[in-house]
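Enquirer: For reference, the sequence and a predicted model appear below.
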Amino acid sequence: MDISSYLEPRPAPRALFDELDARRSRVRYMVPTSGGDWRSVTVGAHAEAVRRMALFFSTRISRGDRVAIFANNSVAFMSAALGAQAMGGVMVPIYPASTADQAAYVLEHCEARALCVGGEAELSRIFDAWERLPELKRIVLLGPVDVLDLAARRRERGLPTPTAKELEERCLPFERAIALGAARDAEDPCAFPAMLDAVTLDQIGLMLYTSGTSGPPKGVPLSHANVAANGADWLRVNAPLVEEGDTDLLWLPMTHIFGFGEACLGNTLGFTSYLTDAASVIPLLPEVRPQVFMSVPSVWEKIAASALAEEDPEQRIERLEASTGGRLRFCLSGGAGLSREVKSLFHSAGLLLVEGYGLTECSPTLTLNCSDAFRFDSVGKPLPSVSLRLADDGEILARGPNVFAGYHRDAEATAAAFDDEGWFHTGDLGRFTEDGFLQIVGRKKEILVTSGGKNIAPVNIEQRFADDPWIQHVVVYGDGHKYLVAGVFVDPTSTPDPLCPSSLGSETRASSLRALVEPRIARVNAELAHHETIKRFFVSEEPLSVEGGLLTATLKVKRKAVYERYAERFEALYAEPREQVAGPAAS
């Protein structure tokens, strides 16, 4: 594909409007209906909604103000996001799984003036934190919500609830916002083009919040130039595998830069994007038959599982093609490491499952494997405009036009993130292969130092369990101790059938779970250096969760919180008789 016309840097909304005349009647989104069918949304209809939302926002907030979006994926989400950017505002996504306290923190810290919520669940959490949000002037309801009914039900339960006057002044449905924007457009048809033309590349267009695994989330402001530079690099590397007008099946959360980036790529290349969710995405693959599919490792592993069950190589490929629709050309996996077995399976079918490495602060991508240069034991080579080097301790340092300038309202964290030469310190440890590919070793701040002086990256061990269907999380522990132990958190709904009957006594069940986990620990231990092996473990059927405070909103483990919650169980593993060290123990 000739990508030359797409490489000029521009703010994200321009990708939609610069090509509008040529693409107006094309289908941009396919949206599932309650009747099991699909409803089409053309490029022209989407662009009109973006235009009207921009005009609506322009009468309520000022350029540079933050517009937060707390919602699941929808066309309205993208209309609001691009509308905010088109009038010179900053889009701030809030993960839908966020608790009331987590959402309120983001809204307070970014000083949001407007908020778009997806539905009743999100709005109810905003009501929980209402007293903390006096600066929030407008709330747009992207989905159908009976606000007065919700308020009445909350009052009956004694929950904090805004007054009727507050609700009337601050809440309005998406359709009303669109109508107000249309009225402004009718009054002044030149207002929107002037606003869009005034948006410059150096303006902040997007502010995302880090996961907060080791403290409060940090706001990461990204300029239009940051994102545009990364997008151009991405196209240069992946051009051989994508085509204008492709079909993609989009389920990745638009509140994450991965999902939002996929939607923006679709605007650039004129994709038809079928919208779905995590629960429906795999069954829809053979129906939609996309050429482009981007996902996280757990989904790729589930897709691969049925094919890998076939012993004959040809039957494996046939099963894979049947389960994906048979038209896949571009496959991208991100968010965590993917097992080599899955990558090899797709490669045997003539498909490169692309992996890379990046951070929110880098808009987000730093490295990618690509069709003419890849290694399955790596995260690829640096993008064309990215410079990488390793510090003396192995930390990955980055520079480039895609790297942000500093954290929002956090000068101390910004100073700690950059050195005197302007290199951004990623916090990740890596190494380069002899042919220039980057390999990730672990997280610098999460390094465990044993009493014998061994430095160990626990993530490097924990990731080896990521494709196990019966284990939800493994958390390795052992800082300051002679050896490593672990907490193994299993999902009781996915354990084998013999373990499910409620008739099993607690001791029998515990013994069965230990028998289930022990060979898995042994298998991983066989791949590790002696000092990295897990010597003992406990098994818990209480899953780690966002609500329990042990996972971030993006489902990353809060290591410090897990260590604190399970401190007695971790430490008890070291109190067992010395002769048991060689064999794992469970409780």
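Expert: Thanks, I have the structure now.

Enquirer: And residue 562, what's its pLDDT?
Expert: For residue 562, the pLDDT comes out at 95.

Enquirer: same deal with residue 466?
Expert: Residue 466 is assigned 84 on the pLDDT scale.

Enquirer: how about stretch 36-52 as CSV, C-alpha atoms only?
Expert: C-alpha atoms of stretch 36-52 as CSV (Å, rounded to 0.1, in the frame of the first residue of the first chain):
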residue,chain,number,x,y,z
GLY,A,36,-28.7,-9.9,16.6
ASP,A,37,-28.2,-7.9,13.4
TRP,A,38,-25.9,-5.0,12.5
ARG,A,39,-26.5,-1.3,12.0
SER,A,40,-24.2,0.6,9.7
VAL,A,41,-22.8,4.1,10.4
THR,A,42,-21.3,5.9,7.4
VAL,A,43,-18.2,8.0,7.5
GLY,A,44,-20.4,11.0,6.7
ALA,A,45,-22.8,10.4,9.6
HIS,A,46,-19.9,9.9,12.0
ALA,A,47,-18.2,13.1,10.8
GLU,A,48,-21.4,15.0,11.3
ALA,A,49,-21.7,13.8,14.9
VAL,A,50,-18.0,14.7,15.6
ARG,A,51,-18.6,18.2,14.1
ARG,A,52,-21.7,18.7,16.3
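
Enquirer: Buried residues in it, which are they?
Expert: The neighbour-count check on stretch 36-52 (16 or more other CB atoms under 10 Å) flags 41, 43, 45-52 as buried. Any C-beta I mention is one placed from the backbone N, CA and C, and that applies to glycine too.

Enquirer: And for stretch 98-105?
Expert: Within stretch 98-105, the residues that count as buried by 16+ other CB under 10 Å are 98, 100, 102-105.

Enquirer: out of the residues you listed, who's nearest residue 179?
Expert: Distance to residue 179 across these (CB to CB) is lowest for residue 103, with 27.2 Å.

Enquirer: which regions of the stretch 401-550 of the chain sit below the pLDDT cut-off?
Expert: Within the stretch 401-550 of the chain, the stretches with pLDDT under 70 are 494-507.

Enquirer: mind listing the strands for it?
Expert: Per DSSP state E, counting those that start in this stretch, the stretch 401-550 of the chain carries strands over the ranges 424-432, 438-443, 448-449, 455-456, 471-477, 484-490, 534-540.

Enquirer: The stretch 1-150 of the chain too?
Expert: Going by DSSP E, counting those that start in this stretch, the stretch 1-150 of the chain shows strands at 27-32, 38-42, 66-70, 90-94, 114-117, 138-141.

Enquirer: With respect to residue 205, which of these lies nearest?
Expert: That would be strand 90-94 among the strands of the stretch 1-150 of the chain, by CB to CB, at 6.4 Å.

Enquirer: elements contacting the closest one?
Expert: Applying 3 or more CB pairs under 8 Å, 6 or more residues apart in numbering; DSSP states H and E, we find strand 90-94 packed against strand 66-70, helix 75-86, helix 100-110, strand 204-209.

Enquirer: one step back: would you mind putting the buried residues of stretch 98-105 into JSON lines with pLDDT and distance to residue 244 alongside?
Expert: JSON lines is the format used below for those (pLDDT from 0 to 100; distance: CB to CB, whole Å):
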{"residue": "98", "pLDDT": "87", "distance to residue 244": "36"}
{"residue": "100", "pLDDT": "92", "distance to residue 244": "43"}
{"residue": "102", "pLDDT": "87", "distance to residue 244": "39"}
{"residue": "103", "pLDDT": "95", "distance to residue 244": "38"}
{"residue": "104", "pLDDT": "96", "distance to residue 244": "42"}
{"residue": "105", "pLDDT": "95", "distance to residue 244": "41"}
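
Enquirer: what would these look like in a markdown table with distance to residue 430?
Expert: Output for the buried residues of stretch 98-105, formatted as a markdown table (distance: CB to CB, whole Å):
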| residue | distance to residue 430 |
| --- | --- |
| 98 | 30 |
| 100 | 37 |
| 102 | 30 |
| 103 | 34 |
| 104 | 36 |
| 105 | 31 |
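
Enquirer: which one of those sits closest to residue 530?
Expert: Nearest to residue 530 among the buried residues of stretch 98-105, counting by CB to CB, is residue 102 at 40.4 Å.

Enquirer: Verify the contact between that closest one and residue 553 for me.
Expert: Yes - Residue 102 is within contact range of residue 553, at 5.8 Å (criterion: CB atoms under 8 Å).

Enquirer: thinking again about what came up before, can you check which of the strands of the stretch 1-150 of the chain gets nearest to residue 538?
Expert: Distance to residue 538, taken as CB to CB, is lowest for strand 90-94 among the strands of the stretch 1-150 of the chain, at 34.4 Å.

Enquirer: So residue 193: helix, strand or coil?
Expert: Secondary structure assignment for residue 193 (DSSP: H, G, I helix; E, B strand; the rest coil): helix.

Enquirer: ok, now how distant is it from residue 12?
Expert: According to CB to CB, to the nearest Å, residue 193 stands 17 Å off from residue 12.

Enquirer: Neighbour count for the two, which is higher?
Expert: residue 12 (25 against 11; other CB atoms under 10 Å).

Enquirer: residues in contact with the closest residue to that one other than its chain neighbours?
Expert: Sequence neighbours aside, residue 264 is the residue nearest to residue 12 in space, at 5.1 Å (criterion: CB to CB, 6 or more residues apart in numbering). For residue 264, the contact set (CB atoms under 8 Å, 6 or more residues apart in numbering) comprises 12, 15, 227, 231.
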